[in-house]
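Trainee: fold the stuff below for me.
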Amino acid sequence: MTRHHNLRDKKECGQKCLVKVFVYGTLMRGHGNHEAFCKGAVSVEPAEVWGRLYRYCAGFPALEVPESAILARGTEDPVADALLQAKIAASVNGNAELVKPEGDWDLISGDLITFDDPEIRLPSIDGLEGFRPGEDWFYERVLVLVRASKVVPAWVYRMIDPTGERIERRWEG
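Mentor: Numbering: from 1, shown residues only. Have a look, this model is predicted:
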């Protein structure tokens with residue numbers, strides 16, 4: 001798939017073109033896909049998000065997040081997604097709180113990973129997670145607030161149709 005960016009987008013991205021991704025399964029430190037997909041990350045820190053975690057019979061986890069928590073939906077343009085994330089982060093300006101949504105939600109533990117190359121990382125992780133923008137697949141990449149050293153917007157892969165065995169807080173693999 002060819003990605004289209006204009007020169008202005010790439011220049012605007014420049015130094016601020018970091019992308020933050022909250023992971024809760026095989027991409028976490030110490031798990032099977034971390035080294036292959038996250039090596040060379042700018043930073044990795046413990047984090048948490050409100051959601052519901054499920055274990056599927058194949059053994060992998062899937063996260064459901066409240067619809068009300070979604071700030072944006074991922075697209076096929078990783079530079080535009082990184083710029084949108086930066087714009088929302090600037091509007092939050094470190095003053096956001098991670099508020100529990102109404103309903104039966106858990107505070108899910110994972111890792112917040114920061115990358116400086118969204119044009120490479122997002123498509124790579126999208127492929128691993130089976131996210132195909134504009135199509136109905138198992139996962140969707142959405143932007144939500146995540147609490148790490150501070151509350152920031154981060155991309156997370158959420159399941160579209162929640163089923164499976166519900167587990168609490170952290171996937172042990």
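Trainee: from here on, just use CA atoms for contacts and neighbour counts.
Mentor: OK.
Trainee: residues in contact with residue 130?
Mentor: Residue 130 makes contact with 137, 138, 139 under the criterion Cα atoms under 8 Å, 6 or more residues apart in numbering.
Trainee: give me the next element, helix or strand, following the helix or strand hosting residue 144.
Mentor: Residue 144 is part of strand 139-147, with elements assigned from DSSP states H and E. Scanning forward in sequence from strand 139-147 by DSSP H and E, the next helix or strand is strand 151-159.
Trainee: quick one: strands adjacent to that next one?
Mentor: strand 19-23 (parallel), strand 139-147 (antiparallel) (DSSP bridges).
Trainee: run the chain-centre distance for the strand holding residue 144.
Mentor: How far strand 139-147 lies from its chain's middle: 5 Å, per Cα atoms, centre = their mean, to the nearest Å.
Trainee: nearest the geometric middle of this structure, what residue?
Mentor: What sits nearest the mean C-alpha location of the chain, by Cα atoms, centre = their mean, is residue 156, with 2.1 Å.
Trainee: look up how far residue 106 lies from it.
Mentor: Counting by Cα to Cα, to the nearest Å, the gap from residue 156 to residue 106 is 15 Å.
Trainee: from the contacts of residue 130, which is closest to residue 102?
Mentor: Nearest to residue 102 among those is residue 139, at 22.9 Å by Cα to Cα.
Trainee: packing partners of the longest strand anywhere in the chain?
Mentor: Ranked by residue count, the top strand of the chain under DSSP state E comes out as strand 43-55. Judged by 3 or more Cα pairs under 8 Å, 6 or more residues apart in numbering; DSSP states H and E, strand 43-55 is in contact with strand 61-64, strand 106-115, strand 139-147, strand 165-167.
Trainee: do you know which of these lies nearest residue 92?
Mentor: Each of those has some distance to residue 92 by Cα to Cα; the shortest is strand 139-147, at 9.7 Å.
Trainee: which residues touch residue 43?
Mentor: By Cα under 8 Å, 6+ apart, the contact set of residue 43 is 112, 113, 114, 115.
Trainee: so what's residue 50 up against?
Mentor: Residue 50 is in contact with 65, 66, 100, 101, 105, 106, 107, 108, counting by Cα under 8 Å, 6+ apart.
Trainee: can you check what angle separates the longest helix anywhere in the chain from strand 151-159?
Mentor: Counting residues, the longest helix found in the chain (DSSP state H) is helix 78-92. Going by axes from the mean of the first three to the mean of the last three Cα atoms, to 10 degrees, helix 78-92 is angled at 140 degrees with respect to strand 151-159.
Trainee: related to what we said a few turns ago, of the contacts of residue 130, closest to residue 128?
Mentor: Nearest member of these to residue 128, counting by Cα to Cα, is residue 139, at 10.2 Å.
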